[in-house]
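Peer 1: Compute the structure for the input listed below.
(one chain, ligands or ions: 1)
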Amino acid sequence: TVTSRTTRSTADWQRADAAHFLHPFTDFQSLARKGSRIITRADNIYLWDSEGHKILDAMSGLWCVNVGYGQQALIDAATRQLRELPFYNAFFQTATPPPIELAELLCEVTPPQFNHVFFTGSGSEGNDTVVRMVRRYWDVLGQPQRQVIISRKNAYHGSTMAGASLGGMAAMHAQGGLPIPGIVHIEQPYWYALGRSMSRDDFGRVAARWLEDKILEVGPDKVAAFIGEPVQGAGGVIIPPETYWPEIQRICDQYGILLVSDEVICGFGRTGHWFGCERFGVRPDLMTFAKGVTSGYIPLGGVMVGDRVATVMIEQGGEFEHGYTYSGHPTACAVGVANIRLIRELGLVQHVRDTAGPHLAKLFETLKDHPLVGDAETCGLMGALLLVKNKVTGELFPDEVGIGMVCRGHCFGNGLIMRAVGNRMIMAPPLVMTTAQIDEMGSLIRRCLDLTL
Ligand code: PLP
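Peer 2: Have a look, this model is predicted:
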């Protein structure tokens, strides 16, 4: 029997958790030994655990709670819609008002080439939709041999078969027979690891030309699309040089291949622009989104379909044999509408661009004086600290030391959540963060670094 939520102790939650709940991306047995930290409530940018500890959430949940916790407008939108019409599907020539309203709004806030949207339940499903849609697009155009999608190593595009195949995570590819056929990878634009012998700008152009090399290797008439995150998030907040994306755009244009921007993390203001592609000056044909569309209050994802693809799919494609029960879920979409209105009302995109982003950048500059920090970079309200063994030579800690994990251990103990990716400590705090809260986060970060020394 399940006991009342309010009367259960932390140990009791941990026991039941270990007994029944298989967590994502988790070594089940080791978590069962340690016990989960049980998070029980949240407000603004803070979480509280079952022991009453207050924690500053510098990861916005999982890159998603962009408007912060406890926003009444989102709670009201969900409650109203749950009462009125919690669910009806969009199959069989029916529609409900919320996805129509959200589609309209999305077409307003995305770049001008986007006038259509396909809804999914998550970012992974969005990227599965991308794979099916770009292949279908070329089929309809009479070029069925164009099947290959080029992605990048260390990219993260989700956990479904197609999403994980598009992703470039070696550990994921090692399980379950991935990648699926027709998906190939090039190196990532990670200057510190791959290009330090040249300037960032030169490296950006070199890294983009790895795409051209791959297109020529595969055969230009076989390549359907290139997909990339404007800034690689889960890979460690890898911010590309300014020269990278314009060169990628030039190459895609030259060979006529579709450009897909995975905006699951970078969308909805994270970079100080509505979408990351705008920050880097590229004009994608398709854009995957999720997370920030509802600020994570309820699951929702989708694909913005640019005019180039939409025209073909609509006018010549016939039935697109693809969709999900929750494509256009009314309650999720009602929250999406309230969330986008709130982002506008609060001026969050401008806040990140003009105030919070520059303040975070300044904070990261000051952190560069710490003996452990070899590099510190930000883009809007996301950032990464590279922890190095030797600041002069730039020598990294060997991966097995797990220095980031040590640092993260101190974070939790000191009331801060940031994430460790190898030697990189990464963060993406809620966009509502004030400059005073950024300073508070800075003090917590410095304390964690000092304890890691
Ligand atoms: N794409 C990117 C860039 C992501 O960061 C993620 C998740 O972190 C996904 C896709 C997958 O989204 P979801 O976990 O909602 O399936």
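
Peer 1: okay, CA-based contacts and neighbour counts for the rest of this
Peer 2: Noted.

Peer 1: Tell me the residues of the protein that contact the ligand?
Peer 2: Neighbours of the ligand within the chain, by Cα under 6 Å from any ligand atom: 122-124, 156-158, 229, 233-234, 262, 264-265, 290.

Peer 1: Helices of the stretch 151-300 of the chain, start to end?
Peer 2: Listed from the start of the chain, the stretch 151-300 of the chain has helices (DSSP state H, counting those that start in this stretch) covering 161-166, 170-173, 191-194, 200-218, 244-255, 276-279.

Peer 1: okay, those helices, which one's buried deepest?
Peer 2: Across these, the average number of neighbours (mean count of other Cα atoms under 10 Å) peaks for helix 161-166, which reaches a mean of 25.

Peer 1: what is the rounded mean pLDDT of it?
Peer 2: Computed over helix 161-166, the mean pLDDT rounds to 98.

Peer 1: roughly how far out does stretch 281-299 sit from the chain middle?
Peer 2: For stretch 281-299, the separation from the chain centroid amounts to 8 Å (computed by Cα atoms, centre = their mean, to the nearest Å).

Peer 1: which parts of it are buried?
Peer 2: Neighbour-count burial for stretch 281-299, counted by 16 or more other Cα atoms under 10 Å, picks out 282-299.

Peer 1: okay, now residue 27: neighbour count?
Peer 2: The burial count assigned to residue 27 is 10, neighbours taken as other Cα atoms under 10 Å.

Peer 1: Tell me the spacing between residue 112 and residue 199.
Peer 2: In this view, residue 112 and residue 199 are 34 Å apart by Cα to Cα, to the nearest Å.

Peer 1: on that earlier part again, of all the residues of the chain next to the ligand, which comes closest to residue 88?
Peer 2: residue 122 (17.9 Å; Cα to Cα).

Peer 1: Retrieve the pLDDT associated with the closest one.
Peer 2: As predicted, residue 122 sits at a pLDDT of 98.

Peer 1: List the residues that contact it.
Peer 2: Residues near residue 122 by Cα atoms under 8 Å, 6 or more residues apart in numbering: 290-291, 299-302.

Peer 1: Okay, and which of the residues you listed map to strands?
Peer 2: Where the contacts of residue 122 overlap with strands, as defined by DSSP state E, the overlap consists of 301-302.

Peer 1: Dihedrals phi and psi, the residue of the stretch 201-350 of the chain found nearest the ligand?
Peer 2: For the stretch 201-350 of the chain, the residue closest to the ligand is residue 264, as judged by Cα to the nearest ligand atom, at 4.7 Å. For residue 264, the backbone dihedrals (degrees, to the nearest 10) come out as phi -60, psi -40.

Peer 1: Excluding chain neighbours, give the residue nearest to it in space.
Peer 2: The shortest distance from residue 264 to any residue that is not its chain neighbour, by Cα to Cα, 6 or more residues apart in numbering, is 4.3 Å, and that residue is residue 289.

Peer 1: roughly how far apart are residue 71 and the ligand?
Peer 2: Note on residue 71: its distance to the ligand, by Cα to the nearest ligand atom, to the nearest Å, is 21 Å.

Peer 1: contacting residues around that residue?
Peer 2: When contacts are counted by Cα under 8 Å, 6+ apart, residue 71 touches residue 44.

Peer 1: now swap in residue 116 and tell me
Peer 2: With contacts defined as Cα under 8 Å, 6+ apart, residue 116 is in contact with 103, 107, 304-307, 310.

Peer 1: Please apply the same query to residue 453.
Peer 2: Listed by Cα under 8 Å, 6+ apart, the contact set of residue 453 reads residue 372.

Peer 1: Tell me the confidence at it?
Peer 2: As predicted, residue 453 sits at a pLDDT of 87.

Peer 1: Please apply the same query to residue 391.
Peer 2: Taken from the predicted model, the pLDDT recorded for residue 391 is 89.

Peer 1: hang on, the earlier thing: from the contacts of residue 116, which ones fall inside strands?
Peer 2: 304-306.

Peer 1: quick one: which of those residues is most hemmed in?
Peer 2: Neighbours here are counted as other Cα under 10 Å. On that basis the top member of those is residue 304, with 30 neighbours.
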